[in-house]
Structure formats: structure tokens, C-alpha cells
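# sharing a sequence plus its predicted fold:
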Amino acid sequence: MFNILKNIFSNDIGIDLGTMNTLVCTADRGVVINEPSVVSVNTETNNVMAVGLEAKRMLGRTPGNIRAVRPVRDGVIADQAITEEMLRYFISKATGRFKIMQPRVLVAVPSGITDIEIRAVRDSALKAGARDVRLVEEPLASAIGVELPVEEPTGSMIVDIGGGTTEVAIISLATIVHSESESCAGDAMDEAIIQHMKQAHNLLIGERMAEDIKIEIGSAYEMEQVKSKQVRGRDMGQHGSSLPRTVTVTSDEIRHALEAPVSRIVGAVRKTLDNCKPELSADLIDNGITLAGGGALLKGLDRLLSEETGLSVTVAKEPLLAVVHGTGVMIQQTQHSVFDHPQNTLIGRGNRSA
Ligand SMILES: Nc1ncnc2c1ncn2[C@@H]1O[C@H](COP(=O)(O)OP(=O)(O)OP(=O)(O)O)[C@@H](O)[C@H]1O
Ligand SMILES: [Mg+2]
């Protein structure tokens, strides 16, 4: 009976507000929402037409007066009003019909976030219907989500490669001791593929096709088998037309096209290691590096990073769910509840300034 009451009244939720995907979990039901961070807006009335999956289907195919927007860019809020609408939709969908009280919300945000951006996220969540909001650094949530020993006095490294940002962090005693936030991740890989298709094949392709190519045949390391894929796009006029055209691309050429963004990601990891205290560096020899976020699924990235750093590298089991799982673990803690943290602090930041 007590548990039933507790569940009715405690509707805490955790949110991973990502550039590409927003995930929401509740303490008792786990991940309840996993949808693209997209909103479609009528440009004449400014009304929101659709949010999430439904809005993504409209991307690139919208008629003149409907615009599909990604309100979160590089992990931070680019359009506050639209982010608020998106959060309102997700929060009410997550809390469902039986909401008696407005929920308390824990939002994971990138570690490079500024104080102004922190305020923007908090205000959006409050206006979207949260009664209380706390923010946690994404890498800490991610590390908790993949069950790294974050509470212990030993250094663990997590690299979260999302759509907009790559977050590299070394965590010890539940605090991020070193971190790097690089605005180069999955989106930059897609863009590199779009550029390659233009330059090498005179073919214009959309973001979704670029992402498909990356997921199907993209890699960061030479693979044993060369694969190929038929790619459809629009001819750029070089052949006297701008008609649809199909070309065949190989995994080798896509690997080369991905070299620039991949080396920026490797660079962020190396920079974090360079700045790291010797004791923590020594811990990493035992603990290795854990990769999370959707970008961690790029084939061969673990092998390349391992070669470049000399450390062992593991891809998390469910890399796309790491952050939201972490927020789920955190909202379930009843002894040192995250909601007991002072309102204006960022959980995980410790004494570092913004
Ligand atoms: N199998 C795969 N191979 C390579 N990349 C992948 C794969 N699956 C997903 N991705 C990429 O992962 C990215 C999305 O990851 P994720 O959902 O972690 O990002 P996000 O949390 O929304 O972004 P951010 O953390 O930057 O705000 C996209 O760029 C997507 O193309
Ligand atoms: Mg993310």
C-alpha cells in the first residue's frame, strides 16, 4: 500500500536532453520515451505541429509553411521557446494520466555548459511543468549509467560521443576531475560524408542518407572486409542535369572521409589524458576507457582509440541509453537524494567553475 502511494506521489523523472535524441525515464518504469529531439512548427502561426518521432518524419519533407527544428544544438539550447514546448510534451507524456503532482526532474547537460545555458535549461524545464529541477553533468550520468565505480577513489574515463558533442571525462569520488567537451561527434561525421559525396561524386545527399551510410559502412579503422553501398542523391548538374542518380561507395572511401572528425575525437581524448594527474593516469591503466553515446557504435573506433592511447577501450552495452540510465539510477537514490542538492549547482561539477 505504502509503495503504491509512494509511486503515485513520487513521479520523479530523468531526462537526457540530447542534440539528436531525448530520452526520459521514471523511477519505477525505466525508459519511457526515446524520441528524436525534433519539433515541427508552422511558420505562419508559430504553432507547434508535432514533436519527436512524428516531427522527424517531416524533416526535409516539409511543405513551405512547416519547419522542422532541432531546438538543441551542440548539446545546448539553441531555441528556448521550442525546447520548452518539446519538454512540455515529453514530460506530460512520461508522467501520464495519473499525475497528481508535477514531477521533479533531473536533466543531464553537457559538461561545457555555461551559467547562462544552465539557467536556460532550468527555466525551460520549470515552464514545461516540472516542480523542481536539478542538473547533472552528462558524463557523470553516463558513467553511472554504465556502472563505472564513480563513487570510489579511483579514476575512470568515460567518452560520450553523441550527435553534437563528444564529452570526455575522468571521474573519481563522484566528481568530474578532468573533462573536455568537443563540438564534434555524429553530426560532424554525417557532414563529412555529405561533403565527400559532393566532392568525389558530384552527388547531393541529405542528412538521413549520410547517417545511413555512416551506420552501414562507416568505420574508424580498416576493416577486414571492404563493403559497399548504393547511394541515391541528386546530381549536381555536372552531367548536364540535376536528376536523381545512384552511385556505389565503398567502406574504404567513407573511412577516409571520416578521418577529420574521428581525429578530432581522438584529439579530445588525448588532451584529457595529457591534463590528467599522474595518480589518475595510473588508475586508467587498470580501468581503461569506456565509450558511450551513439557515436561509440562507429565500427573500429574502440580499436583506433586503444591504439592511440595504449589503454584498453570498451564500448558500453547500450551506449545510446547510458545517460538516461544514469539519471534513472540517480533519481532512485533515496538516502542522498539528488533533489537535496542546492538548486544552483551542477551535480558532478565539484568546485570547477563554469
Ligand atoms: N551504429 C552506429 N554507428 C555510428 N553512429 C551511430 C550509430 N548509431 C547511432 N549513431 C549516431 O549516434 C548519434 C546519436 O547519439 P546520441 O543519441 O548519443 O546523441 P545525443 O545524446 O542526442 O547528442 P548529444 O549528446 O551530442 O547532445 C547520431 O549522430 C547517430 O548517427
Ligand atoms: Mg548525449
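Happy to help now that I have it. Residues are numbered from 1 along each chain as shown. Ligands and ions are numbered 1, 2, ... in the order given.
# which residue is nearest the centroid of the protein?
The centre of the chain sits closest to residue 162, judged by Cα atoms, centre = their mean, with a distance of 3.7 Å.
# in space, what's closest to that residue - neighbours in sequence excluded?
In space, not counting the residues next to it along the chain, residue 162 is nearest to residue 293; the distance is 4.5 Å by Cβ to Cβ, 6 or more residues apart in numbering. Just so you know, the C-beta spots here come from the backbone N, C-alpha and C atoms, and that holds for glycine as well.
# what parts of the protein come near ligand 1?
With the criterion set to Cβ under 6 Å from any ligand atom, the chain comes near ligand 1 through 18-21, 75, 162-165, 185-187, 211, 214-215, 293-295, 297-298, 320.
# quick one: contacts for the spatially closest residue to residue 137 that is not a sequence neighbour?
Using Cβ to Cβ, 6+ apart and skipping the chain neighbours, the partner closest in space to residue 137 is residue 348 (3.6 Å). With contact set as Cβ atoms under 8 Å, 6 or more residues apart in numbering, residue 348 has these partners: 111, 136, 137, 139, 140, 141, 171, 174, 175, 176.
# would you agree the residue nearest to residue 162 is in contact with residue 142?
Yes. Counting by Cβ atoms under 8 Å, residue 293 does reach residue 142; the two are 7.4 Å apart.
# return the helix or strand in this protein with minimum mean pLDDT.
Counting by mean pLDDT, DSSP states H and E, the chain has its least confident helix or strand at helix 2-9, which shows a mean of 53.
# quick one: the helices in the stretch 1-150 of the chain?
2-9, 53-58, 80-95, 115-127, 138-145 (DSSP state H, counting those that start in this stretch).
# what are the boundaries of the strands in the stretch 151-300 of the chain?
156-161, 166-172, 175-182, 203-204, 228-235, 244-250, 289-292 (DSSP state E, counting those that start in this stretch).
# need the residues of the chain near ligand 2, please.
By the rule Cβ under 5 Å from the ion, the part of the chain lying against ligand 2 is 18, 162.
# beta partners for the nearest residue to residue 269 once chain neighbours are set aside?
Residue nearest to residue 269 in three dimensions, not counting chain neighbours: residue 168, with 5.4 Å by Cβ to Cβ, 6+ apart. Beta-bridge pairing for residue 168 (DSSP bridges): residue 159, residue 180.
# enumerate every residue touching the residue of the stretch 51-200 of the chain found nearest ligand 2.
Across the stretch 51-200 of the chain, the shortest distance to ligand 2 (Cβ to the ion) belongs to residue 162, at 3.4 Å. Residue 162 makes contacts with 18, 19, 20, 75, 185, 186, 293, 294, 295, as judged by Cβ under 8 Å, 6+ apart.
# so which residues of the stretch 201-350 of the chain form helices?
For the stretch 201-350 of the chain, the helices defined by DSSP H, counting those that start in this stretch occupy 207-217, 251-257, 259-274, 278-287, 301-309, 322-332.
# how many neighbours does the closest residue in space to residue 241 that isn't next to it in sequence have?
Nearest-residue entry for residue 241: residue 235, 5.4 Å, with adjacent residues in sequence omitted and distances by Cβ to Cβ, 6+ apart. Per other Cβ atoms under 10 Å, the neighbour tally for residue 235 reads 17.
# does residue 235 touch residue 247 like I think?
No. Shown here, residue 235 and residue 247 do not form a contact pair, counting by Cβ under 8 Å, at 9.6 Å.
# who touches both of those two?
Common neighbours of residue 235 and residue 247, counting by Cβ under 8 Å, 6+ apart, are residue 203.
# how about the contacts made by the residue of the stretch 1-150 of the chain found nearest ligand 1?
At 2.3 Å from ligand 1, residue 18 is the closest residue in the stretch 1-150 of the chain, using Cβ to the nearest ligand atom. Residue 18 makes contacts with 37, 72, 75, 162, 163, 164, 323, as judged by Cβ under 8 Å, 6+ apart.
# and of these, the nearest to residue 198?
residue 163 (21.3 Å; Cβ to Cβ).
# the residue lying closest to the closest one once chain neighbours are set aside: neighbouring residues, count only.
Nearest residue to residue 163, sequence neighbours excluded (Cβ to Cβ, 6+ apart): residue 20, at 3.4 Å. The number of residues packed near residue 20 is 21, by other Cβ under 10 Å.
# torsion angles phi and psi at residue 20?
For residue 20, the backbone dihedrals (degrees, to the nearest 10) come out as phi -100, psi -50.
# for residue 174, give me its contacts.
Per Cβ under 8 Å, 6+ apart, neighbours of residue 174: 140, 150, 151, 348.
# follow-up on the earlier one: worst average pLDDT in the helices of the stretch 1-150 of the chain?
Ranked by mean pLDDT, the helices of the stretch 1-150 of the chain end with helix 2-9 in last place, scoring a mean of 53.
# list the contacts of the closest residue to residue 279 other than its chain neighbours.
In this structure, residue 279 finds its nearest non-sequential neighbour in residue 155, 7.4 Å apart by Cβ to Cβ, 6+ apart. By Cβ under 8 Å, 6+ apart, the contact list for residue 155 reads 170, 171, 172, 177, 276, 279, 280, 281, 283, 284, 287.
# separation between the first one and ligand 1?
Residue 170 sits at a distance of 18 Å from ligand 1 (criterion: Cβ to the nearest ligand atom, to the nearest Å).
# check the last one too.
Per Cβ to the nearest ligand atom, residue 287 is found 22 Å from ligand 1.
# for the third one, same thing?
With the distance defined as Cβ to the nearest ligand atom, residue 172 ends up 22 Å from ligand 1.
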